[in-house]
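Chemist: Okay, here's the prediction I keep looking at, along with the sequence it came from:
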Amino acid sequence: MTSFFTRLLGALSFIAIIFSPVVQAVAPKAVIADGGMVASRSAWASQVGAQILDQGGNAVDAAVAVGFALAVTYPSAGNLAGGGFMVIHLNDGTVITNDHREKAPSASTKDMFLDSEGKVVKGLSTKSHLAVGVPGSVAGLLSVLEKYGTMDRKQVIQPAIDLAAKGILLDRDLVTGFARRQPDFAPYAASRAVFSNDGELYEIGDLWVQSDLAQTLIRIRDKGRDGFYKGRTADLLVAEMKSGNGLISHKDLEDYQPRWREAIRGTYKGYEIISMPPPSSGGILLVQMLNMLEGYDLGAMGYGSSEAIHLMIEAERRAYADRAEHLGDSDFYPVPVAQLTTKAYAKERFADFNPSKASFSENIESGEVPYESLETTHASVMDAMGNAVSYTTTLNLSYGTKIVAAGTGMLLNNEMDDFSAKENEPNFYGLIGRQANAIEPGKRMLSSMTPTIVVKDGKPLLVTGSPGGSTIITTTMQIILNVLEHKMSLSDAVSSPRFHHQWLPTRVIYEPQAFSADTRRALESRGHNELVVLPGTYQIGDANSVLRTEKGIEGMADPRNAGTAVGSPGAVKSAAAAK
Ligand code: GLY
């Protein structure tokens, strides 16, 4: 009975969002349940995760099942041939992260994206077979399941197989995404086969069956990692590489290993912050910025006040400047993790903060943060036993390279663009990097993914994270500050308008309504002269989050997009009750 209501509420909110002409006009509501919660970008994937919780699986089982389901139902970012990070907090106090970030193929070279004059060749690191990093998602998800899950491979992968083999009815979200990318899919027969209906555009309500992807998932279900990194799937991937001068070899695939890494741990006013270490920059920057802000009473300043925003911009400026210089894959470069995350360093770094004046970003030529969807996707999971998983996964840009590896049904990532192709040259996100993030064979490219768990008194309180390239870290920080400082409900914390600054480019971008006219004037009077309001169609982040409250476990899918939070039984009490 309760399970039925859980599903019903999930389905109703999904239908409401899908058929609403203006997504932002739907009053965002969190759902609340006692039995556990899954919030993700895909209603189908959230349903799969909640079903796993219903069946007695823990948060790890559910997160792994969601990961495989997203590869089927949210193809622009969910993936088998991409990479991701998972932050895990178990109820016995275990805190660990799984890094299944892609790696540069062994034949890659530092200058592989430069022409003979040393200039970056436009598009080579995003729209070619050379853009593809050695995929990590399958190895990572399976290693997490084996170590901390309670279910077997079949239980967590079969739902994804069913979704691919039996098909899903296409919604507006997917149909629009497919239509928009048709010119990018056009050069690749396998991409056309997956994302068009025999050459015609798919329409809302069409049944979308992915037979090749189902077969790939079946091989993974039956053979584990060998079903992906060896045998037929590997043969097809390598053949695809050869067809387009890509670099990934059979040995690259066989050698790929996910890594268990110690989490980045910080504190903020009595809360513990647990996040992702390198090769992500997310955890370090998040803790560094929160350390810089901890000495101030942002709550008293108020959400959206120029005082609070000025402080946050200045913290962001300093942290992102450090990112460019110091951050990369710590297996290859001595990232000063401990130093960057100490309170003492933050104090020193913020010593020149002037409450009435903006500081200057260095005058380095930098790229634009593009006004288009910055893909990657985030899912948050909490179970009734007190386990929590924060999971962010990506193909990099929307639909990655847009190349489906023939015969596999899988889109290939373009994660190589997250390396610094050349010192001080911006990548797609306008981020610059230096030696720390230069390309080397076998190295993992620097990420901004920031899957995070906030802990209070030893128990997970908030599970959050986001897509959005360079904006991921500042989005995650804003959700945390909205909850901890501004005492917002989860619904308000996730829905509230956001802004972003990353040192270079020097501008501050913001969603409409993030800055009032007064706030904008007050920021300009401090010297923040490049305040750029985003066009209405462009949003910052998609922070599907879960919060433990006295009422139960709340889940909130970001109302900017068509995600859904689904609770496990024991009681979805009421969608409205969470407000
Ligand atoms: N591909 C985006 C990121 O990892 O930051």
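Modeler: Now that the structure is in, tell me what you want to look at.
Chemist: what stretches of the stretch 401-550 of the chain score poorly on pLDDT?
Modeler: Applying pLDDT under 70 to the stretch 401-550 of the chain flags no residue at all.
Chemist: ok, which residues in it are in contact with the ligand?
Modeler: The stretch 401-550 of the chain comes close to the ligand at residues 415, 418, 447-449, 469, as judged by Cβ under 6 Å from any ligand atom. Yep, even glycine has a C-beta here, placed from its N, CA and C like the rest.
Chemist: Please apply the same query to the chain.
Modeler: By Cβ under 6 Å from any ligand atom, the residues of the chain that approach the ligand are 376, 394, 396, 415, 418, 447-449, 469.
Chemist: For these, give me JSON lines that also has secondary structure and neighbour count.
Modeler: Shown next, in JSON lines, are those (DSSP: H, G, I helix; E, B strand; the rest coil; neighbours: other Cβ atoms under 10 Å):
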{"residue": "Thr376", "secondary structure": "coil", "neighbour count": "30"}
{"residue": "Thr394", "secondary structure": "strand", "neighbour count": "32"}
{"residue": "Asn396", "secondary structure": "coil", "neighbour count": "32"}
{"residue": "Glu415", "secondary structure": "helix", "neighbour count": "31"}
{"residue": "Asp418", "secondary structure": "helix", "neighbour count": "29"}
{"residue": "Ser447", "secondary structure": "strand", "neighbour count": "29"}
{"residue": "Ser448", "secondary structure": "coil", "neighbour count": "31"}
{"residue": "Met449", "secondary structure": "coil", "neighbour count": "32"}
{"residue": "Gly469", "secondary structure": "coil", "neighbour count": "29"}
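Chemist: wait, Tyr268 sits on Glu485?
Modeler: No - at 9.0 Å, Tyr268 does not count as touching Glu485 under the criterion of Cβ atoms under 8 Å.
Chemist: a strand runs through Ser108, doesn't it?
Modeler: No - counting by DSSP: H, G, I helix; E, B strand; the rest coil, Ser108 is not found in a strand; it is coil.
Chemist: what about it, how many neighbours?
Modeler: Neighbours of Ser108 under the rule other Cβ atoms under 10 Å: 23.
Chemist: I'd like the distance from Met276 to Lys357, if you could.
Modeler: According to Cβ to Cβ, to the nearest Å, Met276 stands 33 Å off from Lys357.
Chemist: do Thr401 as well
Modeler: Distance from Thr401 to Lys357, counting by Cβ to Cβ: 44 Å.
Chemist: So these two - more neighbours on which side?
Modeler: Comparing Thr401 with Lys357 by other Cβ under 10 Å, the one with more neighbours is Thr401, at 30 against 13.
Chemist: Just the C-alpha atoms of the helix or strand encompassing Asp252, please, in PDB.
Modeler: Assigned by DSSP states H and E, Asp252 falls within helix 250-255. C-alpha atoms of helix 250-255 as PDB (Å, rounded to 0.1, in the frame of the first residue of the first chain):
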ATOM      1  CA  HIS A 250      42.500  -3.900 -25.700                       C
ATOM      2  CA  LYS A 251      45.300  -3.500 -23.200                       C
ATOM      3  CA  ASP A 252      44.000  -0.100 -22.100                       C
ATOM      4  CA  LEU A 253      40.600  -1.700 -21.400                       C
ATOM      5  CA  GLU A 254      42.000  -4.800 -19.600                       C
ATOM      6  CA  ASP A 255      44.300  -2.600 -17.500                       C
END
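Chemist: let's have the chain start at 45 instead
Modeler: Will do, 45 is the new start, and the previous item becomes helix 294-299.
Chemist: What are the buried residues along the very next helix or strand once past it?
Modeler: Sequence order places strand 303-305 as the next helix or strand after helix 294-299, per DSSP H and E. Neighbour-count burial for strand 303-305 flags 303, 305 (criterion: 16 or more other Cβ atoms under 10 Å).
Chemist: Name every strand pairing with the next helix or strand after strand 303-305 and say which way it goes.
Modeler: Following strand 303-305 in sequence order, the next helix or strand is strand 308-312 (DSSP H and E). Neighbouring strands of strand 308-312 in its sheet, by DSSP bridges, are strand 315-319 (antiparallel).
Chemist: Averaged pLDDT, the strand it pairs with. What do you get?
Modeler: Model confidence over strand 315-319, given as mean pLDDT, is 98.
Chemist: and it, how far out from the chain's middle?
Modeler: Strand 315-319 has its C-alpha centroid displaced from the chain centroid by 18 Å (Cα atoms, centre = their mean, to the nearest Å).
Chemist: which strands and helices sit next to the helix or strand following that strand?
Modeler: Downstream of strand 315-319, the next assigned helix or strand under DSSP H and E is helix 326-337. Applying 3 or more Cβ pairs under 8 Å, 6 or more residues apart in numbering; DSSP states H and E, one finds that helix 326-337 contacts strand 308-312, strand 315-319, helix 350-370, helix 381-384, helix 387-393, strand 496-500, helix 515-528.
Chemist: Export the fifth one to CSV, keeping only CA atoms.
Modeler: Below are the C-alpha coordinates for helix 387-393, written out as CSV (Å, rounded to 0.1, in the frame of the first residue of the first chain):
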residue,chain,number,x,y,z
LYS,A,387,41.7,26.2,8.0
ALA,A,388,45.1,27.9,8.3
TYR,A,389,45.6,28.0,4.5
ALA,A,390,42.1,29.4,4.0
LYS,A,391,42.7,32.1,6.5
GLU,A,392,45.9,33.1,4.8
ARG,A,393,44.4,32.9,1.3
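Chemist: Would you map the strands across the stretch 95-244 of the chain?
Modeler: Using DSSP state E, counting those that start in this stretch, the strands of the stretch 95-244 of the chain run over 127-133, 139-144, 212-213.
Chemist: can you redo those as a markdown table with mean neighbour count and mean pLDDT?
Modeler: Formatted as a markdown table, those follow (neighbours: other Cβ atoms under 10 Å; pLDDT from 0 to 100):
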| stretch | mean neighbour count | mean pLDDT |
| --- | --- | --- |
| strand 127-133 | 29 | 99 |
| strand 139-144 | 22 | 99 |
| strand 212-213 | 15 | 98 |
